[in-house]
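Colleague: quick check, what structure comes out for this input:
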Amino acid sequence: MLVWHEGRRLVGKIYSTRYPSFDDAWDVISKQISQRTAGTGVFMASADLGVPPILVHLVERTRTLHKQILLLTVITRPQPTVELKE
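Modeller: You can find the predicted model right below:
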């Protein structure tokens with residue numbers, strides 16, 4: 001588990017330095033797109049900064065992208081909860 005966690009952190013760091021913002025990535029991504037497909041593509045990311053690696057990977061491999069893109073990041077807070085008593 002420790003190796004997986006460290007590897008995931010390192011890969012995330014590489015991708016975040018490759019495309020620090022969506023605007024930086026869009027210049028590269030838009031040149032590779034040959035067709036926009038109908039519908040909405042939802043791309044989940046574990047970090048709220050940068051571009052999800054799967055978005056770049058999809059465009060590099062398929063040369064397509066949905067007309068609408070939704071970038072989704074879920075951030076949880078470590079907040080304890082107490083059950084309510086009746």
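Colleague: can you tell me the centre-most residue of this protein?
Modeller: residue 52 (2.1 Å; Cα atoms, centre = their mean).
Colleague: how near is that residue to residue 78?
Modeller: Distance, residue 52 to residue 78, by Cβ to Cβ, to the nearest Å: 24 Å. The way it works is simple: take the backbone N, C-alpha and C, and place the C-beta from them, glycine included.
Colleague: got a list of what residue 48 touches?
Modeller: 73, 75 (Cβ atoms under 8 Å, 6 or more residues apart in numbering).
Colleague: so it lies in a strand, does it not?
Modeller: No: under DSSP: H, G, I helix; E, B strand; the rest coil, residue 48 sits outside any strand and is assigned coil.
Colleague: all strands of this protein, in order?
Modeller: Ranges of strands in the chain, per DSSP state E, are 35-44, 64-72.
Colleague: and the first one, what does it pack onto?
Modeller: Contacts of strand 35-44 with other secondary structure elements, assessed using 3 or more Cβ pairs under 8 Å, 6 or more residues apart in numbering; DSSP states H and E, are made with helix 53-62, strand 64-72.
Colleague: repeat that for 6 Å
Modeller: Using 3 or more Cβ pairs under 6 Å, 6 or more residues apart in numbering; DSSP states H and E, the elements in contact with strand 35-44 are strand 64-72.
Colleague: stretch 48-57: end-to-end distance?
Modeller: End-to-end distance for stretch 48-57, by Cα to Cα, to the nearest Å: 18 Å.
Colleague: tell me the buried residues in that stretch?
Modeller: 50-53, 55-56 (16 or more other Cβ atoms under 10 Å).
Colleague: how about the residues you listed in a markdown table, adding distance to residue 21 and pLDDT?
Modeller: Listed next are those as a markdown table, based on distance: Cβ to Cβ, whole Å; pLDDT from 0 to 100:
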| residue | distance to residue 21 | pLDDT |
| --- | --- | --- |
| 50 | 7 | 76 |
| 51 | 8 | 82 |
| 52 | 13 | 84 |
| 53 | 14 | 81 |
| 55 | 13 | 88 |
| 56 | 13 | 86 |
